[in-house]
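Engineer: need a 3D model of the following:
(one chain, ligands or ions: 1)
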Amino acid sequence: MPLTMDTLVSLSKRRGFVFQSSEIYGGTGSVWDYGPLGVELKQNIKRLWWRDFVQMRPDMVGIDAAILMHPNVWRASGHVEQFTDPMVDCRECQHRFRADHVDARPWLHFCPATKGNKFEIAAGEACPRCGARRTLCPDCGKGELTTARNFNLMFKTFMGPVEDDAAVTYLRPETAQAMFVNFENVLQSMRLKLPFGIAQAGRSFRNEITPGNFIFRTREFEQMEIEYFVNPHETVEGRPADEYWHDRWIADCMAWFRRYGLSEGNLRLREHEKDELAHYAKRTLDIEYRFPIGWSELMGIANRTDYDLKQHAKFSGKTLTYFDEERKEHVVPYVIEPAAGVDRALLAFLAEAYQEEEVRGEKRVVLRFHPELAPVKVAVLPLLKKREEIVKTAHGIRSELARHWRVVYDDTAAIGRLYRRQDEVGTPYCVTVDVQTVGDSEKGEQGDQRVTIRDRDSMQQVRVPMRELVPVFQELLTGGDWAAVAGRFGTAAAAAAG
Ligand code: GAP
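Structural biologist: Sure thing, here's the model as predicted:
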């Protein structure tokens with residue numbers, strides 16, 4: 001059965017990944033809160049992105065800029081004038097739609113060929129009974145739609161105590177502009193040479209007309225953006241530097257998503273048509289993912305040319321150039337912009353990880369997250385919660401491992417149930433402490449000081465000396481192979497319900 005968004009929404013709520021914002025008040029439209037496991041997953045995505053694209057690269061630095069910026073930033077960038085969507089309203093039910101999205105929704109139809117009976121017709125299709133196509137409101141099927149009006153997507157707010165026009169500012173609709181307005185500060189303070197990039201991960205806000213599809217399109221979300229500045233007068237491998245770096249970033253971003261688990265068959269590139277390109281872009285490609293709603297944008301990688309630096313130079317009156325020592329001239333760098341959404345990346349990783357399978361006649365739901373993404377790395381489970389020695393040893397292992405990773409302890413069910421719970425949130429490894437580990441002091445029996453590690457994906461188990469746990473998990477959680485560990489320690493017969 002194909003995976004549906006409803007399945008992910010319900011798992012996310014049930015297991016503490018994502019909750020509807022202000023749910024007890026009926027919810028806030030298209031705003032979501034990340035729960036205890038969601039916040040871990042989200043932080044892992046941002047941390048890996050920062051590690052791989054900032055920390056590991058000598059040509060990258062990061063910033064963390066304020067969300068509220070000078071209102072002229074948004075005049076210079078074109079957002080005040082052009083960051084709009086065409087919007088239509090229903091004159092009957094007052095529902096509001098993006099004009100270019102109306103035909104992508106199923107529509108209600110009171111069919112004259114059946115004495116006005118009500119039918120829901122699939123998006124873009126004609127009524128099979130009377131042949132009519134949609135002309136009225138898709139939601140109520142009765143009201144006429146107004147002509148399209150442009151609606152600015154920025155959230156407006158006021159700076160200071162007086163709510164007048166002079167105090168108007170905006171919640172940033174993208175993180176990108178902070179990299180342009182800080183270009184000179186970063187260049188001078190870090191003594192950088194082209195090409196170099198500035199990265200930022202943070203919140204953005206858009207008053208989307210038709211948000212929806214869970215965390216795919218929301219009004220408050222997080223972006224991970226890079227502005228990579230190149231010298232437009234240089235060539236690399238015989239190609240203009242901006243074109244060369246544009247292709248390099250496309251390849252690097254695709255490789256990053258594959259590395260953390262998105263499969264080849266669920267990823268593709270889509271080139272923007274000329275008439276679709278943003279006003280600032282020379283060329284843009286989207287990386288698309290096959291979400292449960294179909295192929296949709298996961299991130300965009302644009303060649304923004306020198307548009308932004310020139311605009312900010314014009315509006316601020318400051319010089320925003322780079323001195324090219326070799327050519328002894330000032331140049332305005334071109335910029336390549338890999339712009340990803342954290343929430344969309346999380347949705348893609350969640351959808352890809354989700355699997356249902358049958359194990360010994362029972363359904364097993366498992367999230368096969370890459371270990372570095374998994375919200376919890378290890379769960380420590382006592383086989384008998386009434387045996388004090390077992391419980392004490394399990395708590396001790398949890399606190400030792402928690403110095404390195406997110407680790408949980410759970411004794412609230414039988415071992416088979418505990419394993420299933422961890423499978424369902426994607427925990428790659430469980431550690432079980434049993435009688436053999438601690439022995440039986442009343443009978444004078446010594447424990448073997450070994451515990452069982454159970455692998456989420458194969459459900460195989462190995463018995464490992466407790467003192468080896470940290471190095472073994474260091475190996476397994478940084479790309480080490482389970483088969484190698486199993487080979488070293490030997491797999492154990494599956495205890496309890498695997
Ligand atoms: N600075 C360029 C820029 O912001 P964008 O294509 O509008 O480009 C980049 O946004 C990424 O941000 C998108 O590919 C998507 O992953 C994410 N994004 C944009 N709008 C979003 C929304 N309303 N909800 C969730 N994510 C969004």
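
Engineer: partner residues bridging the closest residue to the ligand within the stretch 251-400 of the chain?
Structural biologist: Using C-beta to the nearest ligand atom, G341 is the residue of the stretch 251-400 of the chain that sits closest to the ligand, at 2.3 Å. C-beta coordinates here come from the backbone N, C-alpha and C atoms, glycine included. G341 has the following beta-bridge partners by DSSP bridges: Q223.

Engineer: which ones are touching it?
Structural biologist: With contact set as C-beta atoms under 8 Å, 6 or more residues apart in numbering, G341 has these partners: 221-224, 298-299.

Engineer: out of those residues, which are close to the ligand?
Structural biologist: Filtering those for proximity to the ligand (criterion: C-beta under 6 Å from any ligand atom) leaves 221, 223, 298-299.

Engineer: return the helix or strand in the chain with minimum mean pLDDT.
Structural biologist: strand 491-492 (a mean of 74; mean pLDDT, DSSP states H and E).

Engineer: buried sites along the longest helix along the chain?
Structural biologist: Ranked by residue count, the top helix of the chain under DSSP state H comes out as helix 241-259. The neighbour-count check on helix 241-259 (16 or more other C-beta atoms under 10 Å) flags 241-246, 249-250, 252-254, 256-257 as buried.

Engineer: stretch 464-479 too?
Structural biologist: 464, 466, 468-469, 472-473, 475-477.

Engineer: determine how far stretch 290-299 lies from the middle of the whole chain.
Structural biologist: Computed by C-alpha atoms, centre = their mean, to the nearest Å, the chain-centroid distance of stretch 290-299 equals 12 Å.

Engineer: which bits of the chain sit near the ligand?
Structural biologist: 174, 176, 206, 208, 217-218, 221, 223, 225, 297-300, 337, 339-341, 343-344.

Engineer: just want the most central residue of the protein.
Structural biologist: Geometric centre of the chain, nearest residue: A345, 2.6 Å, by C-alpha atoms, centre = their mean.

Engineer: right, and that residue touches I45 too?
Structural biologist: Yes: contact criterion C-beta atoms under 8 Å: A345 and I45 qualify, at 5.4 Å.

Engineer: what's the first helix or strand after the longest helix of the chain?
Structural biologist: strand 267-271 (DSSP states H and E).

Engineer: from the contacts of G341, which two are the most distant?
Structural biologist: E222 and L298 (13.9 Å; C-beta to C-beta).

Engineer: I'd like to know which elements the least confident helix or strand of the chain is packed against.
Structural biologist: On a contact count with 3 or more C-beta pairs under 8 Å, 6 or more residues apart in numbering; DSSP states H and E, strand 491-492 meets strand 461-465.

Engineer: returning to what we had before: who has more neighbours out of E222 and L298?
Structural biologist: L298 (24 against 21; other C-beta atoms under 10 Å).

Engineer: what are the buried residues along the helix or strand that one falls within?
Structural biologist: Following DSSP H and E, one finds L298 within strand 294-305. Buried residues in strand 294-305, counted by 16+ other C-beta under 10 Å: 296, 298-305.

Engineer: quick one: which of these is nearest to K328?
Structural biologist: Of the buried residues of strand 294-305, the one sitting nearest to K328 (C-beta to C-beta) turns out to be T305, at 23.0 Å.

Engineer: how much space separates T432 from N117?
Structural biologist: Between T432 and N117 the computed distance is 60 Å (C-beta to C-beta, to the nearest Å).

Engineer: same check on Y244?
Structural biologist: Y244 sits 61 Å away from N117, going by C-beta to C-beta.

Engineer: what's the following helix or strand after the host helix or strand of L381?
Structural biologist: Using DSSP H and E, the element containing L381 is strand 378-382. Counting by DSSP H and E, the next helix or strand C-terminal to strand 378-382 is helix 388-401.

Engineer: measure T147 to the ligand for me?
Structural biologist: To the ligand, T147 is 25 Å away according to C-beta to the nearest ligand atom, to the nearest Å.

Engineer: surely that residue touches D89?
Structural biologist: No: judged on C-beta under 8 Å, T147 makes no contact with D89 at a distance of 9.8 Å.

Engineer: those two: which is more packed in?
Structural biologist: The neighbour comparison of T147 against D89 (other C-beta under 10 Å) goes to D89, with 18 against 8.

Engineer: give me phi/psi at the more buried one?
Structural biologist: phi -120, psi 150 (degrees, to the nearest 10).

Engineer: cool, P58 as well?
Structural biologist: The phi/psi pair for P58 (degrees, to the nearest 10) reads phi -70, psi -20.

Engineer: cool, A402 as well?
Structural biologist: phi -70, psi -10.

Engineer: what about it, distance to Q43?
Structural biologist: For A402 relative to Q43 (C-beta to C-beta), the value is 16 Å.

Engineer: likewise for Y307?
Structural biologist: To Q43, Y307 is 33 Å away according to C-beta to C-beta.

Engineer: do F221 as well
Structural biologist: From F221 over to Q43 (counting by C-beta to C-beta), the distance is 15 Å.

Engineer: please apply the same query to M459.
Structural biologist: In terms of C-beta to C-beta, M459 sits 28 Å off from Q43.

Engineer: and what of V366?
Structural biologist: 22 Å.

Engineer: more neighbours: these two, which one.
Structural biologist: Neighbour totals were compared for V366 and Q43, and V366 leads with 21 against 14 (other C-beta under 10 Å).

Engineer: and Y170, what does it touch?
Structural biologist: Counting by C-beta under 8 Å, 6+ apart, Y170 touches 69, 71, 74, 79, 154-157.

Engineer: L309 too?
Structural biologist: By C-beta under 8 Å, 6+ apart, L309 lies in contact with 180, 183, 320-321, 332-333, 335.

Engineer: sorry, back to before: with pLDDT added, can I get the contacts of G341 in TSV?
Structural biologist: Shown next, in TSV, are the contacts of G341 (pLDDT from 0 to 100):
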residue	pLDDT
F221	98
E222	98
Q223	98
M224	98
L298	98
M299	98
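
Engineer: can I get the buried residues of helix 241-259 in JSON lines with distance to R270 and pLDDT?
Structural biologist: Below are those laid out as JSON lines (distance: C-beta to C-beta, whole Å; pLDDT from 0 to 100):
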{"residue": "A241", "distance to R270": "24", "pLDDT": "98"}
{"residue": "D242", "distance to R270": "20", "pLDDT": "98"}
{"residue": "E243", "distance to R270": "18", "pLDDT": "98"}
{"residue": "Y244", "distance to R270": "21", "pLDDT": "98"}
{"residue": "W245", "distance to R270": "20", "pLDDT": "98"}
{"residue": "H246", "distance to R270": "15", "pLDDT": "98"}
{"residue": "W249", "distance to R270": "16", "pLDDT": "98"}
{"residue": "I250", "distance to R270": "11", "pLDDT": "98"}
{"residue": "D252", "distance to R270": "18", "pLDDT": "98"}
{"residue": "C253", "distance to R270": "13", "pLDDT": "98"}
{"residue": "M254", "distance to R270": "12", "pLDDT": "98"}
{"residue": "W256", "distance to R270": "18", "pLDDT": "98"}
{"residue": "F257", "distance to R270": "14", "pLDDT": "98"}
